[in-house]
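**Student:** Below are the sequence and a predicted model; questions follow.
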Protein chains: 2
Amino acid sequence: MCPRFARRMANVRPSAIREILKATEQPDFISFAGGLPAPELFPVSDIRTAADRVLAEAGPSALQYGPTEGFAPLREDFAAEMRRREVICSTEDILVTTGSQQSLDLIGKVFLDPGDCVLTERPTYLAALQAFRSCEVRFAPVPTDADGIIPEALPEYIEREQPKFLYTIPNFQNPSGITLAAERRREIYSIAARYGLVIIEDDPYGRLRYAGKDIPPIKSLDGEGIVVYLSTVSKVIAPGLRVGWTVASPEITRRLVIAKQSADLHTSSLDQRIVHRYLADFDSNAHIERIRLAYGRRFAIMESCLRRELPEGFHWTRPEGGMFLWVTCPESIDTNELMQKAIEQKVVFVPGRDFFPDASGGRFMRLNFSNATEEKIKEGISRLAQVCHDAMAVCAATC
Amino acid sequence: MCPRFARRMANVRPSAIREILKATEQPDFISFAGGLPAPELFPVSDIRTAADRVLAEAGPSALQYGPTEGFAPLREDFAAEMRRREVICSTEDILVTTGSQQSLDLIGKVFLDPGDCVLTERPTYLAALQAFRSCEVRFAPVPTDADGIIPEALPEYIEREQPKFLYTIPNFQNPSGITLAAERRREIYSIAARYGLVIIEDDPYGRLRYAGKDIPPIKSLDGEGIVVYLSTVSKVIAPGLRVGWTVASPEITRRLVIAKQSADLHTSSLDQRIVHRYLADFDSNAHIERIRLAYGRRFAIMESCLRRELPEGFHWTRPEGGMFLWVTCPESIDTNELMQKAIEQKVVFVPGRDFFPDASGGRFMRLNFSNATEEKIKEGISRLAQVCHDAMAVCAATC
């Protein structure tokens, strides 16, 4: 067998979420674990029409190799969307990627060397930790509160840790659901600009707001060209197409393009053209409005079930958008152990540890409310509440 | 701007091919440069029907996240194809990748550390050099002749260089067009097994044979589990779909899956299902037969034009399949300089240097014969021959 494998793979753990997803493919399981959109809301018939038009009208080109940067009309679609979000942006600033996960991978390749430091929120997205961890970096989580990263804490971390970049999910953060307040975005940007610190702004959920007012991205403040913004069509059209994009300065984009050329040459020509055609021929805003209404309703139902059914001592965030809420359990609870009991009851969530670079966070759990139907949310929270009550009873008896 | 960029990106050069492709998008250019299949042979209407059926029958699943390993029925399609090529193989041994380029990238991530050595043919595929180079490795090219790698030379290289693996393209090699002889495959495998050396067997062109007899892949000999085999639908269905696969031992596959999870989660669900549906509902063998006939004819035309028109002192390979032939020019010629003159005459090829790890190979050029029509091949070789005659005349006058 292979004599030596790369040292760095030892640092990469299979994602707990994907392992849980696999374990729970039986139909009677109710899953709050994955970050899956609601499949019954996918615009299947519009995508079908778009695919048919693409292949009828541009078949050979849609099946041929294409430029690494992406299909030019789709790059312009994304640039136009960024301009609507107050980002000064042209087609050349856009790189189409094979989903946001690839954007994270390319960013790791372009920016990170072994031993480097990455600043993150705490908790943060586990697949970002995984992508950056494969570059053998260390993480320094920055203090946060209910409004996201605390700007005053940042300079000390920058000076002490000399990080390569700050990674943040400013809207409806994964896993916490927290949104970085507008004035904090300005403060954080100005601190980063002062130190020449790159900001990686990961924004998959920005358009899924069902309460409150949209806040322009940090990238909209980026006179210095230090922000790399990334987003995806996964949550607003469909994740199976694997189409995302980055917005960055010409110099950073050039390097991301070189990295992408080695990674997969380019993103599927067919999928890119389908997304472009869908955006051109159908009312994607009306579609997103339907998703927002449905997810807002699902959140409200989950939240009211949690309020009614969870034992005292459990708390959770109330995000204004996105797909997740974050539950803080009493200190006596370990959610990895709770998970075992939950699996017996055929309900699953993601235990908190995987979202912490140091694997602390044993009293937290992430609940997804976008994927299950309203009936399943009610039934699933009822199962979960029973598991929590049992755990508290055991604790009362033994503690 | 960004204070420090990763050291490793300094090792990655933008591919000359893709730069040439960009420079020559004008319609009156004739390109023998890219490795592009003939778009007029793509099975557009069958793919259109397959796409429509997939979306009609399995729409939401075709647009949802899927397993990193790939869509199970497609993995089984590829396993069955491998078994037809005499490889003992089950569904679990297959990982679906976002094209062979991603397979190379994942192999780099799993196997290579900075400073490692990779054994290659000389010349070898430039995008493989590029993918491995980003891991900061060094290359040791093994001696080859008209039948591929010379087995007798191998032990010395293994002992001296302690390589992580041997990278080979056994069928109609890119760029040389050379095929590794059957008995050499056995000898090389047995040497590798003796030393515990991993072999990366890259086989994108294996099914594009238009003369001679198929030779089973090295993977068919792999009792030890030391061969990682990779292929793609790019040359036999369509490259724009970005669907490839690897065949490897369970242990290596497990590591490739972890690396792929970080790289892009999974390959497009829609594209995977379209390929599966196309293979199930249409006669892909008849389609490949059409491609083989067409490419065989194009090769024959290019070859006879070269014979008729190139000046004395030019030699070229006569591959039995694939998409490329490899021209050796007289020593007085530098093909980078020749390329500048060729661009003036609106014909392009790829100069040899990029296919050599040490950037030697200044007297070679790679010609692609799959992409241009028969008429364009005649006109293009005529332009190229004129450029070669001019270069020889200049040389005769000044040397």
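**Tutor:** Structure's in. What do you need? Computed from a predicted model, the values in this text were never measured in an experiment.
**Student:** contacts, neighbours, all on C-alpha from now
**Tutor:** Will do.
**Student:** and whichever residue of the stretch 201-350 of chain A sits closest to chain B, how far is that from residue A:44?
**Tutor:** For the stretch 201-350 of chain A, the residue closest to chain B is residue A:240, as judged by C-alpha to the nearest C-alpha, at 4.1 Å. Counting by C-alpha to C-alpha, to the nearest Å, the gap from residue A:240 to residue A:44 is 12 Å.
**Student:** what's the answer for residue A:294, then?
**Tutor:** Taking C-alpha to C-alpha, one finds residue A:294 at 17 Å from residue A:44.
**Student:** Counting neighbours, go ahead and name the busier of these two.
**Tutor:** Using other C-alpha atoms under 10 Å in any protein chain shown as the criterion, residue A:294 and residue A:44 rank with residue A:44 on top: 21 against 18.
**Student:** residue boundaries of the strands in the stretch 101-250 of chain A?
**Tutor:** A:117-120, A:138-141, A:144-145, A:148-149, A:165-168, A:198-202, A:227-232, A:244-247 (DSSP state E, counting those that start in this stretch).
**Student:** Output these in JSON lines; the columns should cover mean pLDDT.
**Tutor:** Shown next, in JSON lines, are the strands of the stretch 101-250 of chain A (pLDDT from 0 to 100):
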{"stretch": "strand A:117-120", "mean pLDDT": "98"}
{"stretch": "strand A:138-141", "mean pLDDT": "96"}
{"stretch": "strand A:144-145", "mean pLDDT": "94"}
{"stretch": "strand A:148-149", "mean pLDDT": "97"}
{"stretch": "strand A:165-168", "mean pLDDT": "98"}
{"stretch": "strand A:198-202", "mean pLDDT": "98"}
{"stretch": "strand A:227-232", "mean pLDDT": "98"}
{"stretch": "strand A:244-247", "mean pLDDT": "98"}
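**Student:** what does the stretch 251-399 of chain A have sitting close to chain B?
**Tutor:** A:255, A:258-259, A:261-265, A:267-271 (C-alpha under 8 Å from any C-alpha of the partner chain).
**Student:** follow-up on the earlier one: and for residue A:240 and residue A:44, which residues touch both?
**Tutor:** Shared contacts of residue A:240 and residue A:44 (C-alpha atoms under 8 Å, 6 or more residues apart in numbering or on different chains): residue B:63.
**Student:** Against residue A:61, how distant is residue A:398?
**Tutor:** The gap separating residue A:398 from residue A:61 is 68 Å, by C-alpha to C-alpha.
**Student:** ugh, typo on my part, it should be residue A:347
**Tutor:** Residue A:347 is 46 Å from residue A:61, by C-alpha to C-alpha.
**Student:** Those two - which one has more neighbours?
**Tutor:** residue A:347 (24 against 19).
**Student:** Kindly state the domain boundaries assigned to chain A.
**Tutor:** Domain ranges of chain A: A:9-42+A:285-398, A:47-281, per automatic domain parsing.
**Student:** In terms of mean pLDDT, which of those ranks lowest?
**Tutor:** Ranked by mean pLDDT, the domains of chain A bottom out at domain A:9-42+A:285-398, with a mean of 90.
**Student:** Tell me how far that domain lies from the chain's centre.
**Tutor:** Relative to the mean C-alpha coordinate of its chain, domain A:9-42+A:285-398 is positioned 16 Å out (C-alpha atoms, centre = their mean, to the nearest Å).
**Student:** Neighbours of the nearest residue to residue A:324 once chain neighbours are set aside, how many?
**Tutor:** Nearest residue to residue A:324 in three dimensions, chain neighbours excluded: residue A:368, at 4.5 Å (C-alpha to C-alpha, 6 or more residues apart in numbering or on different chains). Using other C-alpha under 10 Å, the number of residues around residue A:368 comes to 27.
**Student:** is it true that residue A:368 touches residue A:322?
**Tutor:** No. Contact criterion C-alpha atoms under 8 Å: residue A:368 and residue A:322 do not qualify, at 9.3 Å.
**Student:** Now do stretch A:278-285: distance from first to last residue.
**Tutor:** Rule used - C-alpha to C-alpha; the end-to-end distance of stretch A:278-285 is 11 Å.
**Student:** do stretch A:190-203 as well
**Tutor:** Start-to-end span of stretch A:190-203 (C-alpha to C-alpha) is 20 Å.
**Student:** Can you confirm whether that stretch lies near chain B?
**Tutor:** Yes. Using C-alpha under 8 Å from any C-alpha, stretch A:190-203 reaches chain B at A:196-198.
**Student:** my read is residue A:280 is in a strand, agree?
**Tutor:** No. Under the criterion used here (DSSP: H, G, I helix; E, B strand; the rest coil), residue A:280 is helix, not part of a strand.
**Student:** what about it, distance to residue A:47?
**Tutor:** With C-alpha to C-alpha as the criterion, residue A:280 and residue A:47 are 12 Å apart.
**Student:** Just want to know which of the two has more residues nearby.
**Tutor:** residue A:47 (23 against 14).
**Student:** so what's the more buried one closest to, chain neighbours aside?
**Tutor:** Distances taken as C-alpha to C-alpha, 6+ apart put residue A:278 closest to residue A:47, at 6.3 Å, once the chain neighbours are dropped.
**Student:** Next up, the contacts around that neighbour.
**Tutor:** By C-alpha under 8 Å, 6+ apart, the neighbours of residue A:278 are A:46-47, A:50, A:284.
**Student:** Residue A:377 against residue A:369, yeah?
**Tutor:** Yes. The criterion here is C-alpha under 8 Å, and residue A:377 meets it with residue A:369 at 7.4 Å.
**Student:** of those two, who's got more company?
**Tutor:** Neighbours per residue (other C-alpha under 10 Å) separate residue A:377 from residue A:369, with residue A:369 holding more: 30 against 24.
**Student:** give the contact list for the more buried one.
**Tutor:** A:32, A:295, A:298-299, A:302, A:323-325, A:377.
**Student:** Helices of chain A, start to end?
**Tutor:** Assigned by DSSP state H, chain A shows helices spanning A:16-23, A:44-63, A:72-84, A:100-111, A:126-133, A:154-161, A:182-195, A:250-264, A:269-281, A:284-309, A:335-344, A:374-398.
**Student:** Mean neighbour count, those: which tops it?
**Tutor:** helix A:100-111 (a mean of 25; mean count of other C-alpha atoms under 10 Å in any protein chain shown).
**Student:** how about that helix, does it reach chain B?
**Tutor:** Yes. For a cut-off given as C-alpha under 8 Å from any C-alpha, helix A:100-111 has contacts with chain B, namely A:100-102, A:105, A:109-111.
**Student:** Report the inter-axis angle for that helix versus strand A:198-202.
**Tutor:** Taking axes from the mean of the first three to the mean of the last three C-alpha atoms, to 10 degrees, one finds helix A:100-111 and strand A:198-202 inclined to each other by 170 degrees.
**Student:** Next, the angle from helix A:100-111 to helix B:250-264.
**Tutor:** Going by the same axes, to 10 degrees, helix A:100-111 makes 90 degrees with helix B:250-264.
**Student:** Give me the contacts around helix A:100-111.
**Tutor:** By C-alpha under 8 Å, 6+ apart, helix A:100-111 touches A:97, A:127-128, A:131-132, A:135, A:164, A:204, A:230-232, A:243-246, A:255-256, A:259-260, B:4-6, B:9, B:262-265.
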